[in-house]
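> Just need the structure, nothing else, for what follows:
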Amino acid sequence: MSLSHFDSLANLRVFEDSFARLLSEPQANRPWSPAVDIYETENELVLKADLPDVDATEVNVRVENLTLTVSGERKFDKSSNEKGFHRIERSYGHFTRSFAIPNTFDTENIAASFKNGVLTVKLPKKEAAKPRQIKIEATN
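Modelled structure (predicted):
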């Protein structure tokens, strides 16, 4: 007769693995939110958003009440549904991201471009907000 070791935590480990899988597996109709980098240079505020497989015509950029909103939609190609997918992990559908803009930026002269699946939005600084060098006069 062989003796086996009883693991009292085995059921807890199974539950923990199932819960971790539940959190990491994609959910159907889960909203998605594109990754965004925002940085400031000496003359402007720059926002870069990753929008792979999003058509530029499906992206909207608007500014209202010092809030920059980027929205759009990544559509699922229904014809590719016939290809026999084993797994679909990417999210599809409508997205919206909003960001507060400090009043030191000129929202009237915004520029937006879209290249290689990356949206770049540039907001220039107002002249009063730009750093300037002060000349020091020497007196004897």
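> drop to CA atoms for contacts and neighbour counts, all remaining ones
Noted.
> Just to check, residue 40 is in contact with residue 48?
No - in this structure, residue 40 is not within contact of residue 48 by Cα atoms under 8 Å, at 11.5 Å.
> Name the residue in these two with the higher neighbour count.
Neighbours per residue (other Cα atoms under 10 Å) separate residue 40 from residue 48, with residue 48 holding more: 19 against 13.
> What values do phi and psi take at the residue minimising distance to the centre of the chain?
Nearest to the mean C-alpha position of the chain, counting by Cα atoms, centre = their mean, stands residue 35 at 2.2 Å. Dihedral pair for residue 35: phi -70, psi 140, per degrees, to the nearest 10.
> Repeat that for residue 89.
phi -110, psi -20.
> one step back: quick check: the gap between the residue nearest to the centre of the chain and residue 119.
Residue 35 sits 11 Å away from residue 119, taking Cα to Cα, to the nearest Å as the criterion.
> same question, residue 137
When residue 137 is compared with residue 119 (using Cα to Cα), they lie 46 Å apart.
> Good, we can wrap up now.
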